[in-house]
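Visitor: just to be clear, the model below is a prediction. Sequence and coordinates:
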Amino acid sequence: MINPDRLWDRLMRLSDIGKQESGGITRLSFTPEERAAKDLVRGFMLEAGLAVREDEVGNLIGRKEGGNPEAPVVLVGSHIDSVFNGGNFDGPLGVLAGVEILHAMNEQGIATEHPIEVIAFTDEEGTRFSYGMIGSRGIAGLLERSELEHCDKDGISIAEAMRQNGLDPDAIGKAARPKGSVKAYVELHIEQGKVLESRNLSVGVVSGVAGPLWVKFILEGEAGHAGATPMTLRRDPLAAAAEIMLAIEQEAGKTGTAVGTVGQLQAYPGGVNIIPGKVEFSLDLRDVDQAVLDRVEAEIVRVAKQICEKRGIQLAIELLQRIPPVICSEEIQQAAKDACESLGFEPFTMPSGAGHDCMQLTGLCPVGMIFARSQKGISHNPAEYTTKEDCADGANVLYRTVLSLAGKA
Ligand SMILES: [Zn+2]
């Protein structure tokens, strides 16, 4: 078992770095706050008896050797960067739980066949450069030099920020792990939703990570005088959009797993007394199952066309982004479910609606995740909270999962 007090104490110490007046955390990549956070975590890794290094993209890594040092490594971790005014647990829990399980193993004299590394990935959130998952893309060998030209609001590029932190942007290729060198990646993360809380469970096993599909709907009708145009003579794109939005809610809802969200809506020209001539709105559609996602998307498009035809509206649908969903490894899910059962927890599986670093690693190794309960589902917010007990439950499930994957020495 892990030491819950030590894990909690480290979480609280890390949460002092980048603390805002609101109580929230702002720790953006390659800033003094992030540097201070890395230095603190480096100290924790050394206390845990790990060999510590930083790779060419700034990932902080602590390693515990295995009985067979040539065996592929079992990787655990998460990130310690944050969004603006974010919470204390999104990211840090996974990194510090990784440090804690290795600390506990060393204290308890537990040896494994495979080496185990805990990693704090560089810039998962993408807050500073509007471009995230830099560290995980780096070790997966996906990060291109051209991607480092993304700039922050002051015009400083990722490459420049790397140089300011003693890293060589031309050397990022060296961070890539060779194929076959990583046995598994497992991440403990807060759920950031209300599913575990609603089921009164402290821990969940993640079945997959939903891939977001982003599209823009553009509807054109005929602008007109709100007073002079009878209802029967209107071609109102906003009324059509309203119908489509209800269809989105219905079609996503039918599946029981998919989620569809319209988060942006603009009506033009946008006058109180003008029937809009044009409307644009966004759709974010997610599911962990590509087939379900495809089906819901096709159905929404079919219904939208029907609605627009009936109303004499021109419809255009623009694809903004299509990220495929990730299925978590069966072996890792099973190891995590067995870990839950051995600790007396219900082995509950659930999808992740939010994106995580593991999405970048699927070409490198099998991936898996464990969720810890979030209070009220609040995240990316100073009020984000996971209790000490729930952090410990998640860390203990991670501990047993990793022991099973890393094998007895
Ligand atoms: Zn996160």
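Guide: That came through fine.

Visitor: the ion versus residue 134, what's the distance?
Guide: As judged by C-beta to the ion, to the nearest Å, residue 134 and the ion stand 14 Å apart. The C-beta positions use only the backbone N, C-alpha and C, and glycine is treated the same way.

Visitor: likewise for residue 347?
Guide: For residue 347, the distance to the ion - C-beta to the ion - is 23 Å.

Visitor: residue contacts, that residue?
Guide: 205, 336-338, 340-341 (C-beta atoms under 8 Å, 6 or more residues apart in numbering).

Visitor: then residue 234?
Guide: Going by C-beta under 8 Å, 6+ apart, residue 234 touches 221-222, 224, 275.

Visitor: what's the answer for residue 89, then?
Guide: Counted by C-beta under 8 Å, 6+ apart, residue 89 has contacts 11, 190, 372, 374, 384-386, 391.

Visitor: same check on residue 263?
Guide: By C-beta under 8 Å, 6+ apart, the contact list for residue 263 reads 282, 284.

Visitor: and it, which of the three is it?
Guide: Here residue 263 is recorded as coil under DSSP: H, G, I helix; E, B strand; the rest coil.

Visitor: what about the nearest residue to residue 111 once chain neighbours are set aside, how many residues close to it?
Guide: In this structure, residue 111 finds its nearest non-sequential neighbour in residue 409, 3.7 Å apart by C-beta to C-beta, 6 or more residues apart in numbering. Applying the criterion other C-beta atoms under 10 Å, we find 12 residues in the vicinity of residue 409.

Visitor: distance of residue 409 relative to residue 105?
Guide: According to C-beta to C-beta, to the nearest Å, residue 409 and residue 105 sit 11 Å apart.

Visitor: which neighbours do these two share?
Guide: Counting by C-beta under 8 Å, 6+ apart, the residues touching both residue 409 and residue 105 are 111-112.

Visitor: which residues are in contact with residue 183?
Guide: Residues near residue 183 by C-beta under 8 Å, 6+ apart: 71-74, 114, 365-366, 405-406.

Visitor: on that earlier part again, check the contacts of residue 234 against the ion, which are close?
Guide: With the criterion set as C-beta under 5 Å from the ion, no member of the contacts of residue 234 is near the ion.

Visitor: so of these, which ones are in strands?
Guide: 224, 275 (DSSP state E).

Visitor: which of the contacts of residue 234 lies closest to residue 259?
Guide: The nearest member of these to residue 259, counting by C-beta to C-beta, is residue 221 at 28.6 Å.
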